[in-house]
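# Task: produce atomic coordinates for the following.
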Amino acid sequence: MRRKPWVVAVVQARMGSSRLPNKVLEPILDRPMLQHVVERVRQAQTVEQVVVATTDRPADDAIETFCRTRCIDVFRGSEEDVLDRFYRASSAFHADVVVRITADCPLIDPAVLDKVVRRMLDENVDYVTNRLRYTYPDGLDVETFSFAALEKAWKEAHLPADREHVTSYIRNPERFRIAGVENATDLSPRNLRWTVDEPSDLQFVRAVYERLGGNGNRFGLPEVLALLDSEPELARINAGGIRNEGFYSSLAREEAVPPRSRSLVTSMALLARARRVIPSCTQTMSKGPTQFVHGVAPVFLSHAKGCRVWAVDGNEYIDYPLALGPVILGHGDPAVTGAVTRQMADGVSFSLPHPLEVEVAEMLTGIIPCAEMVRFGKNGSDATAGAVRAARAFTGREVLACCGYHGWQDWYIGSTTRNRGVPESCRALTLPFSYNDISSAERIFREHPGRVAAVILEPTGIVAPRDGFLEKLRELTFREGSVLIFDEMITGFRLALGGAQQYFGVTPDLACFGKAIANGYPLSAVVGRREIMSLFDEVFFSFTFGGEALSLAAARETILEMQRRNVIGHLWEQGRKLQDGFNVLARIFGVASRTDCRGYAPRTLIGFRDETGAESLLLKSLFQQECLKRGVLFAGAQNLCLAHGEADIDETLRVYRAALAILADAIRCGDAASRLEGEPVQPVFRKA
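Predicted structure coming up:
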């Protein structure tokens, strides 16, 4: 008969804490925090033994004394090498399966712990956690792993962060079989913080215990959520903390990732050929050689898989441009590739409409709030041009108010510095207004009464809407009889499946989608109210390849995969880690005033500023150069896809750590320009 695995919960505890010293023995009601943690873990049905693992420093004698006076098993080991401490503690107590708990989580829920451990016991895996995706509050983290996996990590892990954080080496699917546990309801949008790192965290936890702790530790996740629903002000006590800040800080103490050996011979040869036959050497300005440091960056990519791309010279990079955003699942996603391959066998372009046109249109009307009817194009510019043409036909007006980037067609590009070849008569009809400044939009209506056909804007970019800006635009256009158009090329299928309109709860009249709709295959769509969309019976919007079946098959499968695999949640989670990690590292290296990562987690932007606060392409170029030399394809925006796993994010942050150290030194020395190994990045749009 097979022996039942011996499950040991190891509670990591020490008195030292830079932000809240001695926190593990701070009182909560009538008992120290550590006692609450141990008692709650002991309630778990799957745990056979609870051991407190503390350090051998004299300051932690108090923890050992506390444990021994309360009959709690205790083990002491290295303070710096926490992995070694865990391994030796687990070995000393003969663990087959180890559960890692930290002593600063006094709201740990034994039911959640059991859910994680049971999956570990039921499946043939090495590591299970509820933090691959943060669907639980911060402070309910549970990790469980086999002793064999712990021993392998103990022998092989060498980076300081891997020794300090115990499981970072194990959380790599290329080394170990890993699995995740998620809450039935994704709580990540609520940003709940139930761990104790700051005085405000301790204040929050004490408030919870004062209300729920009268019955000992017999309350869990449902009861605390119910409490916060009834008293929402409690969650504001400690709002705004950064999850896993300790891990990000530890990366700064590691040795910098060195540059890789690389060749660009083939790229440079192709570039020379391209200059003879392709204006600007690219079909897309933002992908062209002027957007990367010349002589350091690859110019041509040959293939891609998952979140990685390979240049024609064989150099491998983690990809964050992701083809400017269309890749949402990952390059070469098997499900999408399979759907496209099956459709290819049946045909690509047909002499009559294909059923996929109906199927995908029906899918879009089911997930996009404003979508009652749908027309397809191939590029974002197709969709925005079609939308403004329909708006002009619907209103009988000509003037357009715009905010953001909307493509290359005359109606929009004439309002930018890239306006050569656009007639003045066309340029005069499109008037820009400022985001979050409702008065700038109102001014256009005042100066052109009864003439504004539509307001078109990107509903958000890096900056969040403030003071009801989107709602006010909705009210303004309704009052003035104009059409409100959301350009959701970037926000669509990223912020939410139904785009920014679903995320913010503001429904436009028309919307334009593309990019991520088909995981890299060329497809866009105009969607909106039936009474406007029906005008496409007369408004000419027609393409030979509008109903091309491969891209429609890709779109159908992409949407199905996004629904099946909770892709949106993954983008938010991994993007938040990347954003938080960069900002913590920038602060540690003293350059937070010159660079930061902003925006919504599924798509963020790292910006760089000079000493006056103006945008600095010089600093961006230096940072980009150092990322490229270490295997990260960086162009400013960070688009996330499903294929970006935790190991990819950790690798990226280690590269960012190296690049930020060089950037910080260059700023101190004032010699960023001399450190560049090629011509810097150039702006796509010149300043007026």
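
# quick one: buried residues of the helix or strand encompassing residue 155?
Per DSSP states H and E: residue 155 is located in helix 147-156. The neighbour-count check on helix 147-156 (16 or more other Cβ atoms under 10 Å) flags 147, 149-150, 152-154 as buried. (C-beta placed from N, C-alpha, C; glycine too.)

# Helix or strand for the spatially most central residue of the chain, just tell me which one.
Nearest to the mean C-alpha position of the chain, counting by Cα atoms, centre = their mean, stands residue 575 at 1.8 Å. Assigned by DSSP H and E, residue 575 falls within helix 567-588.

# Then residue 75?
strand 73-77.

# And the contacts of that strand?
10, 49-56, 60, 63-64, 67-68, 84-85, 88-89, 92-93 (Cβ atoms under 8 Å, 6 or more residues apart in numbering).

# Filter those residues down to the buried ones.
Buried among those (16+ other Cβ under 10 Å): 10, 50-55, 60, 63-64, 67, 85, 88-89, 93.

# right, and out of those, which lies closest to residue 508?
residue 10 (52.8 Å; Cβ to Cβ).

# Distance-wise, check that closest one relative to residue 49.
9 Å (Cβ to Cβ, to the nearest Å).

# mind checking how far residue 455 is from residue 476?
7 Å.

# intersection of neighbour lists for the two?
With Cβ under 8 Å, 6+ apart, residue 455 and residue 476 have common neighbours 441, 482.

# Got the phi and psi for residue 440?
When read as degrees, to the nearest 10, the backbone of residue 440 gives phi -70, psi -30.

# Break down the stretch 1-150 of the chain into its strands, ranges please.
7-12, 27-28, 31-32, 49-55, 73-77, 97-102, 127-129, 143-146 (DSSP state E, counting those that start in this stretch).

# For residue 298, find the nearest of these.
Nearest to residue 298, of all those, is strand 127-129, at 34.7 Å by Cβ to Cβ.

# Going by contacts, tell me the helices and strands next to the closest one.
helix 110-122, strand 143-146, strand 178-180 (3 or more Cβ pairs under 8 Å, 6 or more residues apart in numbering; DSSP states H and E).

# Please identify the most buried of the ones you listed.
Neighbour counts (mean count of other Cβ atoms under 10 Å) averaged over each of the helices and strands packed on strand 127-129 peak at strand 143-146, with a mean of 24.

# What helices and strands are in contact with that strand?
Short answer (3+ Cβ pairs under 8 Å, 6+ apart): strand 143-146 packs on strand 97-102, helix 110-122, strand 127-129.

# CA atoms of the second one as CSV?
Pointing back at helix 110-122 there. Taking C-alpha atoms only, helix 110-122 is exported to CSV below (Å, rounded to 0.1, in the frame of the first residue of the first chain):
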residue,chain,number,x,y,z
PRO,A,110,-7.0,27.1,5.6
ALA,A,111,-9.6,26.3,3.0
VAL,A,112,-7.5,28.0,0.3
LEU,A,113,-4.4,26.2,1.5
ASP,A,114,-6.2,22.8,1.3
LYS,A,115,-7.4,23.6,-2.3
VAL,A,116,-3.8,24.1,-3.3
VAL,A,117,-2.3,21.1,-1.5
ARG,A,118,-5.0,18.8,-2.8
ARG,A,119,-4.2,19.6,-6.4
MET,A,120,-0.6,18.9,-5.6
LEU,A,121,-1.5,15.5,-4.1
ASP,A,122,-3.9,14.6,-6.9
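
# so who does the nearest residue to residue 565 once chain neighbours are set aside touch?
On the basis of Cβ to Cβ, 6 or more residues apart in numbering, the spatially nearest residue to residue 565 that is not a chain neighbour turns out to be residue 642, at 6.6 Å. The contact partners of residue 642, by Cβ under 8 Å, 6+ apart, come to 328-330, 333, 561, 565, 567, 570-571.

# One more: residue 492?
Contacts for residue 492 (Cβ under 8 Å, 6+ apart) come out as 368, 499-500, 511, 513-517.

# Local confidence estimate at it?
pLDDT recorded at residue 492 is 96.

# Show me the beta-bridge partners of it.
Here residue 492 shows beta-bridge partners residue 496, assigned using DSSP bridges.

# So which of residue 455 and residue 476 has more stuff around it?
residue 455 (26 against 19; other Cβ atoms under 10 Å).

# Okay, and the beta partners of the more buried one?
residue 401, residue 484.

# so who does it touch?
Here residue 455 is in contact with 400-403, 433, 441, 473, 476-477, 482-485 (Cβ under 8 Å, 6+ apart).

# so where's the longest helix in the protein?
helix 646-669 (DSSP state H).

# And that one, what's buried?
Going by neighbour count (16+ other Cβ under 10 Å), the buried part of helix 646-669 is 646-664, 666-667.

# in the helix or strand just after that helix, what counts as buried?
Once the chain leaves helix 646-669, the next helix or strand it forms, by DSSP H and E, is helix 672-675. Of the residues in helix 672-675, 672, 675 count as buried by neighbour count, 16+ other Cβ under 10 Å.

# From the contact counts, what lies against helix 672-675?
Using 3+ Cβ pairs under 8 Å, 6+ apart: helix 672-675 touches helix 617-628, helix 646-669.

# Could you tell me the average pLDDT over it, please?
pLDDT averaged over helix 672-675 gives 97.

# same deal with stretch 600-613?
On average, stretch 600-613 scores 96.

# how much space between residue 153 and residue 559?
Distance from residue 153 to residue 559, by Cβ to Cβ: 39 Å.

# again with residue 510
The value you get for residue 510 to residue 559, if Cβ to Cβ is used, is 20 Å.

# And for residue 311?
Relative to residue 559, and taking Cβ to Cβ, residue 311 is found at 31 Å.

# if we can go back for a sec, any chance of JSON lines for the strands of the stretch 1-150 of the chain, columns distance to residue 297 and mean pLDDT?
Formatted as JSON lines, the strands of the stretch 1-150 of the chain follow (distance: least, Cβ to Cβ, whole Å; pLDDT from 0 to 100):
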{"stretch": "strand 7-12", "distance to residue 297": "42", "mean pLDDT": "97"}
{"stretch": "strand 27-28", "distance to residue 297": "53", "mean pLDDT": "94"}
{"stretch": "strand 31-32", "distance to residue 297": "55", "mean pLDDT": "93"}
{"stretch": "strand 49-55", "distance to residue 297": "46", "mean pLDDT": "97"}
{"stretch": "strand 73-77", "distance to residue 297": "46", "mean pLDDT": "97"}
{"stretch": "strand 97-102", "distance to residue 297": "41", "mean pLDDT": "97"}
{"stretch": "strand 127-129", "distance to residue 297": "36", "mean pLDDT": "96"}
{"stretch": "strand 143-146", "distance to residue 297": "38", "mean pLDDT": "97"}
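
# Quick one: closest of those to residue 289.
strand 127-129 (42.4 Å).

# what sits up against the closest one?
Taking Cβ under 8 Å, 6+ apart as the rule, strand 127-129 contacts 116-117, 119-120, 141-146, 149, 167, 170-171, 176-181.

# Look up how far residue 655 lies from the closest residue to residue 653 other than its chain neighbours.
Distances taken as Cβ to Cβ, 6+ apart put residue 581 closest to residue 653, at 4.3 Å, once the chain neighbours are dropped. Separation of residue 581 from residue 655 (Cβ to Cβ): 11 Å.

# Same question for residue 95.
For residue 95, the distance to residue 655 - Cβ to Cβ - is 35 Å.

# can you check residue 66 too?
Distance from residue 66 to residue 655, by Cβ to Cβ: 42 Å.

# Same question for residue 636.
15 Å.

# cool, and residue 315?
14 Å.

# list residues touching both of those two?
residue 631.

# beta partners of residue 77?
residue 55.

# Low-confidence bits of the stretch 301-450 of the chain, can you list those?
For the stretch 301-450 of the chain, applying pLDDT under 70 flags no range at all.
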